[in-house]
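Novice: I would like the atomic coordinates for the input below:
(4 chains)
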Protein chains: 2
Amino acid sequence: MSEPEKEITIYDIAKKLNISAATVSRGLKDHPGVNKNTKKKITDAAHEMGYRSNAFASNLRKKSSNIIGVIVPRLNSSFMSDVIAGMEQVVNEANYNLIISQSLETVKKEVSNARAMFNNRVDGLLVSLAYDTKDIEHFKPFINRGIPVIFFDRIFEHAEYPTIFIDNYKAAYEVTTHLIEQGCKKIVHLTGNQLRNVYAERFKGYKQALADHQLAFDEDLVLINSLSSADGADAAKQILNMHVRPDAVFAANDSCAIGCMLEMKKQGIKIPADIAFAGFNNDPMCCVIEPNLTTVNYKGYEMGGVAARVLIGNLTNQLNTKTTHSIILRSELIIRESSVRNKR
Amino acid sequence: MSEPEKEITIYDIAKKLNISAATVSRGLKDHPGVNKNTKKKITDAAHEMGYRSNAFASNLRKKSSNIIGVIVPRLNSSFMSDVIAGMEQVVNEANYNLIISQSLETVKKEVSNARAMFNNRVDGLLVSLAYDTKDIEHFKPFINRGIPVIFFDRIFEHAEYPTIFIDNYKAAYEVTTHLIEQGCKKIVHLTGNQLRNVYAERFKGYKQALADHQLAFDEDLVLINSLSSADGADAAKQILNMHVRPDAVFAANDSCAIGCMLEMKKQGIKIPADIAFAGFNNDPMCCVIEPNLTTVNYKGYEMGGVAARVLIGNLTNQLNTKTTHSIILRSELIIRESSVRNKR
DNA sequence: CTGTTAGCGCTTTCAG
DNA sequence: CTGAAAGCGCTAACAG
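Specialist: Residues are numbered from 1 along each chain as shown, chains lettered A, B, ... in the order given. A predicted model of the protein is given here:
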């Protein structure tokens, strides 16, 4: 293999063109007030010589990185993949770069990821919280240095942090109401850590829908777990052991709903005749399970794009026009066979 | 909100401790030959003053970024998420950072991602190729500058690029043999772009298994598409229109197999009695579809870890000990009901 | 074991 | 419109 090519700098370009490095630097940007001709000469020479700008030197000088950090619980859902794609789209257009990490649902990793992002001097941070994050102390250093942090989906309410999410309360209210309209009277709710807004709000929506339809709220029908598929299977066993058998299950995510359904089916329970089901997220699996799963859909691509746009807005705008409020995106109930009992 | 805190540097620490910046710099690293006491004083002061190292300055000086770039087709599979987690594990331990991007299965985006990585001066690159990548010209600049590029899973064979993958040929051979042993004689193969080793090798394995069991290879039984779930459904329709109905389908991935199964079921076909099925990847969906899908499992976490380890090895080793060969990881056939016809 | 010194490549006043 | 010069914060010879 040949020797690595020499790295060429603005000085090399300057020398070749008999102009100053300063002019080259300006010519390479959109800088106003550079002669059109020299600008063209500069970009041509740069291209021809195989120049690539040195971000380190530039960042060092400008004290900004043009990098945006992203911390999510997990990458392995089509939802998150969409979120990231949405972010990338927006971020690339604004000439920023993304650095992504997963907390694998633990605060511990979330904290260490945050520290890494901080040391890497990201210009801003987009975060969806881990399962068990209790406080947001680990994002304090960012705020102290004036680096914007934005929460999306799994948010934390706090004046310093703008948030992007859906109306989980309303969505859950609609799901529950739908189940009630199908004649269900004893509805189990499978939910996750109540520290997370998404689960707390869905729980509230469920509760309110019961109240509004004159159904008693029964604490024993609420099962809190990690919402994995295995947790769903465990829940199925618990449900089947209840004295009076429930007639519906509303799980706060699809994996858990599906794990639960699979176990129920194994035990010979008929869905939705014996027990109706609804999930949340509209994972592709909803259309694989039989019967297909009723769920709530919301657009990851859009959420990622909006989050990125708000962040970049706060990064580039004048100091006094920062967005600090919440943005609430739309979601929709998708009714499938798993919950349909009324014949028409 | 208060003013952003002042950024503190090794000079501030040096001043406070009445020593030189050079010593502080050394003290902050594992540098041998620094007095234990001064080292402790330095780290204490650094911590107390809220120091964070400035990677830009360091990178600029060292001409290396400690960043490893990753380009994958998509993030939205549990396989890829595992791969990334495996990489992160290894990479963090070695004090590198990861910057991840998805090509969304197009060369176009793969090329632009590669360029971005190049401009961001990654120290090395881990790549799994997009669906339609024809050549690897876009990785040439890395090689020219001596930046290692490693392919994993969807590889490209070339002396300059180490590769990590599984024996797709053997795995497919085993799947096909299994189907034949179940009494299947007319086996459809759903596959993807033959530019990708994974699909080409699986195709070869399929073909060879037929040959070794005295079954004629029939070109019309091989359907090439994009392997999406929708492509699977289309394939189902084609298959059902064939003059003599096939008795098995081996798809090169699970999504496609499942899309195909769902459509077949809708048409009233019995699986595996009328037609047996096998997929590839062991996606969680395999255990949701009914009947559960026979498939090939391989460990993403391991593959990510190995790829990262090889890369870091090449980065840190002496010039002459680079790994340039291939590493082949193990995979396993997982037999489920979708392909079991023999009663025992 | 520690200090001195000289840049890494770029941006940005400040002058022309 | 362009140039000169300084400096971002760190590291690595080299010299004590």
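Novice: from here on, contacts and neighbour counts on C-alpha atoms
Specialist: Will do.
Novice: so which residues on chain A come close to chain B?
Specialist: Taking C-alpha under 8 Å from any C-alpha of the partner chain as the measure of proximity, chain A contacts chain B at A:2-6, A:52-57, A:59-60, A:74-81, A:85, A:98-100, A:102, A:119-121, A:144-146, A:258, A:262, A:285, A:288-290.
Novice: by contact count, what packs against whichever strand or helix holds A:Ala114?
Specialist: Taking DSSP states H and E as the definition, one finds A:Ala114 inside helix A:107-119. Contacting helix A:107-119 under the criterion 3 or more C-alpha pairs under 8 Å, 6 or more residues apart in numbering or on different chains; DSSP states H and E are the following elements: strand A:67-72, strand A:97-102.
Novice: repeat the analysis, applying 10 Å as the threshold.
Specialist: Helix A:107-119 is packed against strand A:67-72, strand A:97-102, strand A:124-127, helix A:140-144, with contacts defined by 3 or more C-alpha pairs under 10 Å, 6 or more residues apart in numbering or on different chains; DSSP states H and E.
Novice: so, in contact with DNA strand C or not, the first one?
Specialist: No: counting by C-alpha under 7 Å from any atom of the strand, no contacts exist between strand A:67-72 and DNA strand C, the nearest distance being 14.7 Å.
Novice: quick check: the closest residue in space to A:Pro141 that isn't next to it in sequence vs A:Gln102, distance?
Specialist: Excluding its sequence neighbours, the residue lying closest to A:Pro141 (C-alpha to C-alpha, 6 or more residues apart in numbering or on different chains) is A:Phe118, at 7.8 Å. The spacing between A:Phe118 and A:Gln102, counted by C-alpha to C-alpha, to the nearest Å, is 15 Å.
Novice: remind me which residues of chain A are low pLDDT?
Specialist: Low-confidence segments of chain A, defined by pLDDT under 70, span residues A:1-5, A:317-324, A:343-344.
Novice: so what's the residue count around the residue nearest to A:Pro141?
Specialist: A total of 21 residues lie near A:Phe118 under the criterion other C-alpha atoms under 10 Å in any protein chain shown.
Novice: contact partners for it?
Specialist: In this structure, A:Phe118 makes contact with A:Gly69, A:Ser112, A:Gly124, A:Leu125, A:His138, A:Phe139, A:Pro141, A:Phe142, A:Arg145, A:Ile147, B:Arg52, judged by C-alpha atoms under 10 Å, 6 or more residues apart in numbering or on different chains.
Novice: and the helix holding A:Ala114, which residues are buried?
Specialist: For helix A:107-119, burial by neighbour count (16 or more other C-alpha atoms under 10 Å in any protein chain shown) applies to A:Val107, A:Lys109, A:Glu110, A:Val111, A:Asn113, A:Ala114, A:Arg115, A:Ala116, A:Met117, A:Phe118.
Novice: show me what whatever helix or strand A:Ala257 lives in is packed up against.
Specialist: In the assignment (DSSP H and E), A:Ala257 maps to helix A:254-266. Packed against helix A:254-266, as judged by 3+ C-alpha pairs under 10 Å, 6+ apart, are the following elements: strand A:187-191, helix A:229-240, strand A:248-251, strand A:276-278, strand A:295-297.
Novice: extract the CA atoms of it and return them as PDB.
Specialist: Taking C-alpha atoms only, helix A:254-266 is exported to PDB below (Å, rounded to 0.1, in the frame of the first residue of the first chain):
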ATOM      1  CA  ASP A 254     -47.200  -3.700  22.200                       C
ATOM      2  CA  SER A 255     -44.400  -6.100  23.200                       C
ATOM      3  CA  CYS A 256     -46.000  -6.600  26.500                       C
ATOM      4  CA  ALA A 257     -49.400  -7.000  25.100                       C
ATOM      5  CA  ILE A 258     -48.200  -9.500  22.600                       C
ATOM      6  CA  GLY A 259     -46.300 -11.500  25.200                       C
ATOM      7  CA  CYS A 260     -49.400 -11.600  27.200                       C
ATOM      8  CA  MET A 261     -51.600 -12.700  24.300                       C
ATOM      9  CA  LEU A 262     -49.300 -15.500  23.300                       C
ATOM     10  CA  GLU A 263     -49.400 -16.900  26.800                       C
ATOM     11  CA  MET A 264     -53.200 -16.600  26.900                       C
ATOM     12  CA  LYS A 265     -53.600 -18.300  23.600                       C
ATOM     13  CA  LYS A 266     -51.300 -21.100  24.800                       C
END
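Novice: okay, now the domains of chain A?
Specialist: The record assigns chain A these domain ranges, following automatic domain parsing: A:10-53, A:66-166+A:300-331, A:168-297+A:333-339.
Novice: mind putting the helices and strands packed on helix A:107-119 into CSV with distance to DNA strand D?
Specialist: Listed next are the helices and strands packed on helix A:107-119 as CSV, based on distance: least, C-alpha to the nearest atom of the strand, whole Å:
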stretch, distance to DNA strand D
strand A:67-72, 17
strand A:97-102, 21
strand A:124-127, 18
helix A:140-144, 16
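Novice: dump these to TSV, plus mean neighbour count.
Specialist: Below are the helices and strands packed on helix A:107-119 laid out as TSV (neighbours: other C-alpha atoms under 10 Å in any protein chain shown):
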stretch	mean neighbour count
strand A:67-72	24
strand A:97-102	22
strand A:124-127	25
helix A:140-144	17
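Novice: do I have it right that A:Asn113 meets A:Gly69?
Specialist: Yes: applying C-alpha atoms under 10 Å, one finds A:Asn113 in contact with A:Gly69, separated by 9.5 Å.
Novice: how far off centre is stretch A:297-309?
Specialist: Taking C-alpha atoms, centre = their mean, to the nearest Å, the mean C-alpha location of stretch A:297-309 is offset from the chain mean by 8 Å.
Novice: okay, that stretch in PDB with CA atoms only?
Specialist: Coordinates of the C-alpha atoms in stretch A:297-309 are reproduced here as PDB (Å, rounded to 0.1, in the frame of the first residue of the first chain):
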ATOM      1  CA  ASN A 297     -49.900   5.000  16.400                       C
ATOM      2  CA  TYR A 298     -47.600   8.000  16.500                       C
ATOM      3  CA  LYS A 299     -45.000   9.100  14.000                       C
ATOM      4  CA  GLY A 300     -41.400   8.700  15.100                       C
ATOM      5  CA  TYR A 301     -40.000  10.400  12.000                       C
ATOM      6  CA  GLU A 302     -42.000  13.500  12.700                       C
ATOM      7  CA  MET A 303     -41.100  13.500  16.400                       C
ATOM      8  CA  GLY A 304     -37.400  13.200  15.700                       C
ATOM      9  CA  GLY A 305     -37.600  16.000  13.100                       C
ATOM     10  CA  VAL A 306     -39.500  18.300  15.400                       C
ATOM     11  CA  ALA A 307     -37.100  17.700  18.300                       C
ATOM     12  CA  ALA A 308     -34.100  18.400  16.100                       C
ATOM     13  CA  ARG A 309     -35.700  21.500  14.700                       C
END
